[in-house]
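Let's see this in three dimensions:
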Amino acid sequence: MLCFKLSSTLLLAAACLVFKADASTQTATTCDGEGFVQRLSCDTGVISVQTVLYGRANRETCSEERPSEQLVNTACSQQGTVDVLKKRCDGKSVCELNTNVVRTSDPCIGTYKYLETNYNCLPANQVVACEHSLAHLQCDVGQVIFVYGADYGRRDRTTCIYQLPDRQVANIYCSNPISKVADSCNGKNSCSIKVSNNVLGDPCEGTNKYLEVAYTCEYPAEI
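Numbering: from 1, shown residues only. Below is the predicted model:
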């Protein structure tokens, strides 16, 4: 059986729209509201979401100009938010999302909430492969692949655009986190994935897409 060990340090924040860092750990806190965007980013490496809170854990965070009755409940937490953030952001160097992504229900009616995400920046190999090509993942002898995250879609108008009409690269809000790369490649020394809609699905019909993969090479530990 193969075992992969990743270490993390958790850090809690108490300020709105503030980033803090301790070694490779960072915290992003964003007050709730339409149009309010949380941005996670790594200067080097890729994002690995550790913990997420959508709710309220204290009376100070995002409290400016808020009546006291909206700050009293400090045991307010939406369930399942960490899974949402991990699916959208793990393995990317930059991830932006509106708080409405996690606002699927109201865990505490009448309480003003915020989104607080603790994440690490992990060293990783990054591969980008255009649609209709092959993505190759390769490790040194004795090492095996561990995929942090993979996304098939389009997030800019500059990647994989050679001789493509504008209409095929106009949609830059096409994102589809996929598990197929990890399912196919984890534990192998090398791996190739065909980048096509037939293999990875089609998250945005009519848009030419590309596959982004972040992975590391680990020495397997026998247990």
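
pretty sure Ala150 contacts Val199?
No: applying C-beta atoms under 8 Å, one finds Ala150 not in contact with Val199, separated by 11.8 Å. (Glycine included, C-beta is placed from N, CA and C.)

who touches both of these two?
Residues touching both Ala150 and Val199 (C-beta atoms under 8 Å, 6 or more residues apart in numbering) are Lys180.

With adjacent residues omitted, what lies nearest to the residue most central in space within the chain?
The chain has Cys89 as the residue nearest its centroid, 0.6 Å off, counting by C-alpha atoms, centre = their mean. Spatial nearest neighbour of Cys89, chain neighbours left out: Cys95 (3.6 Å); criterion: C-beta to C-beta, 6 or more residues apart in numbering.

The strand or helix carrying the one you found - contacts with which helices or strands?
Applying DSSP states H and E as the criterion places Cys95 in strand 94-98. Applying 3 or more C-beta pairs under 8 Å, 6 or more residues apart in numbering; DSSP states H and E, one finds that strand 94-98 contacts strand 37-41, helix 81-89.

which one of Ala150 and Val199 has more residues nearby?
Ala150 (28 against 14; other C-beta atoms under 10 Å).

which SSE is the more buried one in?
strand 144-153.

from the chain's centre, how far out does that strand sit?
11 Å (C-alpha atoms, centre = their mean, to the nearest Å).

what about dumping the CA coordinates of it to CSV?
Taking C-alpha atoms only, strand 144-153 is exported to CSV below (Å, rounded to 0.1, in the frame of the first residue of the first chain):
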residue,chain,number,x,y,z
VAL,A,144,5.6,8.1,-7.9
ILE,A,145,3.0,10.7,-8.9
PHE,A,146,0.6,12.3,-6.4
VAL,A,147,-1.9,14.7,-8.0
TYR,A,148,-2.9,17.7,-6.0
GLY,A,149,-5.5,18.9,-8.4
ALA,A,150,-6.6,19.0,-12.1
ASP,A,151,-8.9,21.4,-14.0
TYR,A,152,-10.2,21.1,-17.5
GLY,A,153,-11.6,24.3,-19.0
